[in-house]
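>>> Based on what follows, work out the 3D shape:
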Amino acid sequence: MIANTLCTLPVLYSFRRCPYAMRARMALYYSGVQVELREVDLKAVPHSLRALVPDNPTVPVLQLPNGVVIDESWDIVLWAVRQHDPDGWSGDTDASLVAAEQWIEMNDYSFKTDLDHYKYADRYPEHPVESYRSEGEVFLQDIEAQLNASRFLLGERLSIADIGVFPFIRQFAFVDKAWFDQAPYPQLQRWLAVLLDSNLFAGVMKKYPAWRPGQETVIFGQKTATVSKQSA
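Here you go, the predicted model:
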């Protein structure tokens, strides 16, 4: 019975602290889609993941029961809300999706570089850490301006835009939490606290051992998060 159930589930390769994987897990958890979760040790990437994405064997990767592979975190978010979107995360119009994707583009293709420079400033000694932080603050200021106009990025309710950006803002904030807590971004601080304190975030941040063939298999999802035995 367990084996048959697992065979019908999508398989998600993830890494708990990866912000891309975090956004994917949050969307899947919200949508109620259960998946077989395979926590990846990035220093020992499993052969099954390498076989799915040989050119870029990183996380997250979602393999559907029909064999289709989704290897971009934002595409996993979109797939999840298309399955079930109980609170209207994707918005009521095509314009909502366009607006969400604009936030994601700024986050993924500009802010992420600034975040990496700030978080790993010792790897980039060309400039002091404060310089890299200032570059990242440009995006924080954009978010703060939007949150002065609405509770969340696309309006008065949580959306895929918030979920897509949140894990990266979380990383930025925790590089120097004392600095972030006194920075002039009260609305961003409120927004981050709401998400950090949510059941959604708690539900996707449980720790699981790295997956190996033949070891215990985690069934991850909003309905349940259990561990059952499965052979390779």
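>>> neighbours around residue 125, how many?
8 (other C-beta atoms under 10 Å). All C-beta atoms are positioned from the backbone trio N, CA, C, and that covers glycine.
>>> Ignore what I typed, I meant residue 144.
Residue 144: 18 neighbours (other C-beta under 10 Å).
>>> any idea how far it is from residue 208?
Distance, residue 144 to residue 208, by C-beta to C-beta, to the nearest Å: 35 Å.
>>> Contacts for whichever strand or helix holds residue 81, please.
Per DSSP states H and E, residue 81 falls inside helix 73-83. With C-beta atoms under 8 Å, 6 or more residues apart in numbering as the test, helix 73-83 has contacts from 12, 20-21, 23-24, 27-28, 30-33, 60, 62, 70, 89-90, 101, 104, 108, 160, 163-164.
>>> if you set the cut-off to 7 Å instead, what comes out?
Residues outside helix 73-83 that contact it (C-beta atoms under 7 Å, 6 or more residues apart in numbering): 20-21, 23-24, 27-28, 31, 33, 60, 62, 70, 89-90, 104, 160, 163-164.
>>> Can I get stretch 38-55 in PDB, CA atoms only?
C-alpha atoms of stretch 38-55 as PDB (Å, rounded to 0.1, in the frame of the first residue of the first chain):
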ATOM      1  CA  ARG A  38      14.500  13.800  -1.000                       C
ATOM      2  CA  GLU A  39      16.800  16.000   1.100                       C
ATOM      3  CA  VAL A  40      20.000  16.400  -0.800                       C
ATOM      4  CA  ASP A  41      23.500  16.500   0.600                       C
ATOM      5  CA  LEU A  42      25.000  19.100  -1.900                       C
ATOM      6  CA  LYS A  43      28.500  17.600  -1.300                       C
ATOM      7  CA  ALA A  44      27.300  14.200  -2.400                       C
ATOM      8  CA  VAL A  45      24.600  14.700  -5.000                       C
ATOM      9  CA  PRO A  46      22.700  11.500  -5.600                       C
ATOM     10  CA  HIS A  47      23.000   9.700  -8.900                       C
ATOM     11  CA  SER A  48      19.300   9.900  -9.500                       C
ATOM     12  CA  LEU A  49      19.300  13.700  -9.400                       C
ATOM     13  CA  ARG A  50      22.300  13.800 -11.700                       C
ATOM     14  CA  ALA A  51      20.400  11.600 -14.100                       C
ATOM     15  CA  LEU A  52      17.500  14.000 -14.200                       C
ATOM     16  CA  VAL A  53      19.500  17.200 -14.700                       C
ATOM     17  CA  PRO A  54      23.000  16.200 -15.700                       C
ATOM     18  CA  ASP A  55      24.000  19.700 -16.800                       C
END
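>>> what pLDDT, on average, does it get?
Throughout stretch 38-55, pLDDT has a mean value of 95.
>>> Now that stretch: buried residues?
Going by neighbour count (16 or more other C-beta atoms under 10 Å), the buried part of stretch 38-55 is 38-40, 46, 48-49, 52-53.
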